[in-house]
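> Dropping the sequence and predicted coords here.
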Amino acid sequence: MSVAFKVRLSVFTTKRLDKLFKSSSLTKTDLIVEDLGSVFASRLDRNVTYLTDAQFEAVMDILDNH
């Protein structure tokens, strides 16, 4: 399922997006979604969980058995 989302871009940004779109095999939507993935990875997925050796082994056992 997808949801439409409107965004207002400056003329400068729109021209840059158009230039990138023309040199790519992706649609404008695909370019934006792909780059949002990078933003999410760098800004939202910063949570790190530290495990003891025993906890790590327990998680690995669970993964190996599934």
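That came in fine, so what should we check first? Numbers count the residues shown, from 1 in each chain.
> so residue 28 touches residue 22, yeah?
No: proximity of residue 28 to residue 22 does not meet the contact threshold set by Cβ atoms under 8 Å, at 10.1 Å. Backbone N, C-alpha and C define where each C-beta goes, glycine included.
> Check the secondary structure at residue 55 for me.
helix (DSSP: H, G, I helix; E, B strand; the rest coil).
> State the distance from it to residue 19.
49 Å (Cβ to Cβ, to the nearest Å).
> how close does residue 31 sit to residue 20?
6 Å.
> make that residue 49, sorry
Where residue 20 is concerned, residue 49 sits at a distance of 36 Å (Cβ to Cβ).
> end-to-end on stretch 37-50?
One end of stretch 37-50 sits 24 Å from the other (Cα to Cα, to the nearest Å).
> Now do the helix ranked longest in the chain, average pLDDT.
Identified as the longest helix of the chain according to DSSP state H is helix 28-43. Mean pLDDT, helix 28-43: 88.
> Tell me how far residue 32 lies from residue 48.
Distance, residue 32 to residue 48, by Cβ to Cβ: 28 Å.
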